[in-house]
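[1] Next comes the sequence, and after it the predicted model I'd like to discuss.
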Amino acid sequence: MVKVIVVGGGWAGSAAALAAAKAGAQVMLLERTDLLLGTGLVGGIFRNNGRYTAAEEAIAMGGGDLFIAMDANTRHKGVAFPGHNHASLYDVTTMEPLVKKVLQNYGIEVRTKSRVTDVVKCGKKLQAVTLDNGEIIKGDVFVDATGSAGPMGNCLKYGNGCAMCILRCPSFGPRVSVTAKADVKELMGQKADGSFGALSGSCKINKDSLSQELRDRLNREGVAVLPVPPRLVKNGSLGKKACSQYAIADYAANLVLLDTGHAKLMTSFFPLEDLRAIPGLEAARYEDPYAGGVGNSVRYLGIAPCDNSLKVDGVDNLFCGGEKSGILVGHTEAIVTGLLAGHNAVRCCLDMQYLELPRELATGDFIAFVHERMHQPDGMKMRYTFSGSVYFERMKQLALYSVNRAEISARVAKAGLLDVYNRCLV
């Protein structure tokens, strides 16, 4: 039996575990905290712009379980907000148990409160990972889905200190990169000014702390756009955001709120006294991060060098997904890379040729494009996503963007990849 160890239970790690299990492996998923999904616990946006295309490609390839779970847990569909169309908003307060059940239904052993602190390596191969309690867990192949944020020292050095975000480093211990522990030199993303990292792109406000009128609007429409008084406009914050698709003027001139169970505020942080000066927000209270008036978590500080199969350079049996695999933004992006990493992890054990998604598919072109751009001047200052900025424009230029399910499925079929993630390889 092929044994796959996935480290990190965010969207990428969950997708990697799912793909590996579908390919016939015995899978263990190790998550540092007591909840899966990582930043997905405060995310909620999917199917907006080119993410619709990417999600439908994954579904056609047989890796749609997580998107189907999102669809089933959606509060609003077809939402439009500045720069974005046909978005769906899943409920962040109820999403995690659904995902955990999906994984367990595939026989995946999900272990929470299991923080990896080191690896056992022989030559160019990993043999095991070590937990903070000293337990050694052996595997045939490993997937690093530990993300690129934390520990607290990085948030202090490159941000405003610990903002008490959903990653909860003080409670569950800091993130430890499997790639770094395997002696692979990681890459670091940059802000527009050249400093390292980028601030998480949004905050959560407790919806009950909003005015009744604003709550009703969010519950009814899913979105509210509130003009910011000129004296409170903070143009300088846009270049610091991880989510470049929201780093446009509309997000400085307005506060964009989305209903994802809480009220998702599309800015990295906003001083509480200024927030409460805006009508409807007079009693506003941050839900995540708790210090959302002064800062947010810092990301893109530990990216693995990897190829387009998502195998990590220099280690024969280590793959990566999500933000670990490139400067990419979003849960859809995490899922599609996680699926590929988990699937190829099984191929690795069977001495099969690794799957690289063709550039005729948006997901294949995306992975290849991101890796190319990261090695170009200023390429580490950009963030890439199906939903906006540089890559969405490319999608449209290459006619890869579509919201026609039949057309997307036909494209996957033409590439010979229909249901590829549903095929048992073992």
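    Structure's in. What do you need? Residues are numbered from 1 along each chain as shown.

[2] what's the helix ranked longest in the chain packed up against?
    Determined from DSSP state H, the single longest helix within the chain is helix 331-349. Here helix 331-349 touches strand 3-7, helix 11-22, strand 45-46, helix 51-60, helix 65-72, strand 141-144, strand 318-320, helix 362-374, going by 3 or more C-beta pairs under 8 Å, 6 or more residues apart in numbering; DSSP states H and E. Yep, even glycine has a C-beta here, placed from its N, CA and C like the rest.

[3] quick one, domains of the chain?
    The chain is divided into the following domains under automatic domain parsing: 3-194+298-422, 198-288.

[4] Name the nearest residue to Val110, ignoring sequence neighbours.
    Leu29 (5.0 Å; C-beta to C-beta, 6 or more residues apart in numbering).

[5] Direction included, what does the helix or strand containing the one you found pair up with?
    Using DSSP states H and E, Leu29 sits in strand 26-30. Using DSSP bridges, the strands paired with strand 26-30 are strand 3-7 (parallel), strand 109-111 (parallel).

[6] tilt between the first one and helix 11-22?
    Counting by axes from the mean of the first three to the mean of the last three C-alpha atoms, to 10 degrees, strand 3-7 points 170 degrees away from the direction of helix 11-22.

[7] From here on, call the first residue 26.
    Fine by me, first position is 26 from now on; the one you just mentioned is strand 28-32.

[8] Next, the buried residues of strand 28-32.
    If you call a residue buried by 16 or more other C-beta atoms under 10 Å, then strand 28-32 has these buried ones: 28-32.

[9] now swap in stretch 215-230 and tell me
    Neighbour-count burial for stretch 215-230 [16+ other C-beta under 10 Å]: 215-216, 222-230.

[10] now, which of the residues you listed sits nearest Lys146?
    Gly222 (27.5 Å; C-beta to C-beta).

[11] now stretch 336-348: mean pLDDT?
    Averaged over stretch 336-348, pLDDT sits at 98.

[12] now the end-to-end length of it.
    14 Å (C-alpha to C-alpha, to the nearest Å).

[13] repeat for stretch 193-202
    First-to-last residue span, stretch 193-202, C-alpha to C-alpha: 16 Å.

[14] swap in stretch 299-315?
    16 Å.

[15] Run the chain-centre distance for it.
    The chain centre lies 26 Å from the centre of stretch 299-315; the measure is C-alpha atoms, centre = their mean, to the nearest Å.

[16] And the pLDDT at Ala223?
    Reading off the model, Ala223 has pLDDT 89.

[17] List the beta-bridge partners for it.
    Here Ala223, judged by DSSP bridges, has bridge partners Arg324.

[18] Correct me if wrong: it contacts Met213.
    No - taking contacts as C-beta atoms under 8 Å, Ala223 lies outside contact range of Met213: 10.2 Å.

[19] anything in contact with each of those two?
    By the contact definition C-beta atoms under 8 Å, 6 or more residues apart in numbering, Ala223 and Met213 are jointly contacted by Tyr325.

[20] before we move on, back to that, out of the domains of the chain, indicate the one that is most buried.
    Stretch with highest mean neighbour count among these: domain 28-219+323-447 (a mean of 21; mean count of other C-beta atoms under 10 Å).

[21] first vs last residue of that domain, how far apart are they?
    18 Å.

[22] what's the answer for stretch 307-315, then?
    OK, stretch 307-315 end separation, C-alpha to C-alpha: 17 Å.

[23] what's the answer for stretch 323-331, then?
    Chord length of stretch 323-331, first to last residue, is 22 Å (C-alpha to C-alpha).

[24] could you give the mean pLDDT of that stretch?
    95.

[25] from the middle of its chain, how far away would that stretch be?
    12 Å.

[26] ok, now stretch 326-336?
    Distance of stretch 326-336 from the chain centroid (C-alpha atoms, centre = their mean) equals 15 Å.

[27] In this protein, where is pLDDT below threshold?
    Within the chain, the stretches with pLDDT under 70 are 259-274.

[28] on that earlier part again, output the strand holding Leu54 in PDB, but only the C-alpha positions, please.
    Output of strand 51-55 as PDB, limited to C-alpha atoms (Å, rounded to 0.1, in the frame of the first residue of the first chain):
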ATOM      1  CA  GLN A  51      -3.400   5.200   2.300                       C
ATOM      2  CA  VAL A  52      -3.500   8.900   3.400                       C
ATOM      3  CA  MET A  53      -2.800  10.700   6.600                       C
ATOM      4  CA  LEU A  54      -3.400  14.400   6.900                       C
ATOM      5  CA  LEU A  55      -1.600  16.200   9.700                       C
END
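
[29] Report the inter-axis angle for it versus helix 356-374.
    Going by the same axes, to 10 degrees, strand 51-55 makes 140 degrees with helix 356-374.

[30] circling back: please produce JSON lines containing the strands paired with strand 51-55, extended by distance to Thr171.
    Formatted as JSON lines, those follow (distance: least, C-beta to C-beta, whole Å):
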{"stretch": "strand 28-32", "distance to Thr171": "6"}
{"stretch": "strand 134-136", "distance to Thr171": "15"}
